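> what shape does this take:
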Amino acid sequence: MQVYIPGWFSLALINAALANADNRSPLIYFLASLVLGPIITIVLAATKEGPGRRLRQVDLFRGDRQRTQ
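Here you go, the predicted model:
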């Protein structure tokens with residue numbers, strides 16, 4: 001149990017930094033990461049904030065590029 005606490009806290013700090021880099025609230029993501037941990041990491045990786053602060057899905061394999069036809 002003692003091994004998980006520093007790792008979980010480190011993951012919360014990393015998630016806060018990722019949220020800050022993507023112009024999201026680092027405090028909210030830090031607190032959510034303390035409770036939900038890796039689930040928040042997946043949310044940060046799989047979504048991007050769009051207009052109106054709404055989350056939109058990102059293609060993880062192609063990145064955030066728009067498809068052109």
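> now the lengthiest helix in the chain: buried residues?
Once the chain is assigned using DSSP state H, the helix that runs over the most residues is helix 4-21. Counting neighbours by 16 or more other Cβ atoms under 10 Å, one finds that the buried residues in helix 4-21 are 11-12, 15-16, 18-19. C-beta: built from backbone N, CA, C; applies to glycine.
> please report how far T47 lies from F9.
Taking Cβ to Cβ, to the nearest Å as the measure, T47 falls 23 Å from F9.
> wait, A19
Computed as Cβ to Cβ, the A19 to F9 distance reads 16 Å.
> list the contacts of the residue nearest to the spatial centre of the chain.
Nearest to the mean C-alpha position of the chain, counting by Cα atoms, centre = their mean, stands L44 at 2.2 Å. Applying Cβ atoms under 8 Å, 6 or more residues apart in numbering, we find L44 in contact with 15, 18-19, 22, 24, 29.
> can we see that at 10 Å?
Listed by Cβ atoms under 10 Å, 6 or more residues apart in numbering, the contact partners of L44 are 14-16, 18-19, 21-22, 24, 29, 32-33.
> where's the dip in pLDDT among the residues you listed?
For those, the weakest pLDDT value sits at D22, with 83.
> pretty sure it sits against T47.
Yes: with contacts counted by Cβ atoms under 10 Å, D22 reaches T47, the gap being 9.2 Å.
> low pLDDT regions in this protein?
Using pLDDT under 70 as the threshold, the predicted model of the chain has low-confidence ranges 1, 50-51, 53, 57-69.
> which stretches of this structure form helices?
Counting by DSSP H, the segments of the chain that form helices are 4-21, 26-36, 38-46.
> of those, which is nearest L55?
Comparison of the helices of the chain against L55 by Cβ to Cβ identifies helix 38-46 as nearest, at 8.0 Å.
> centre of the chain to that closest one, how far?
Relative to its parent chain, helix 38-46 has a centroid offset of 5 Å by Cα atoms, centre = their mean, to the nearest Å.
> out of the contacts of L44, the closest to R54 would be?
Relative to R54, and with distances defined as Cβ to Cβ, the nearest of these is R24, at 12.1 Å.
> residue contacts, W8?
Applying Cβ under 10 Å, 6+ apart, the residues near W8 are 33-35, 37-38.
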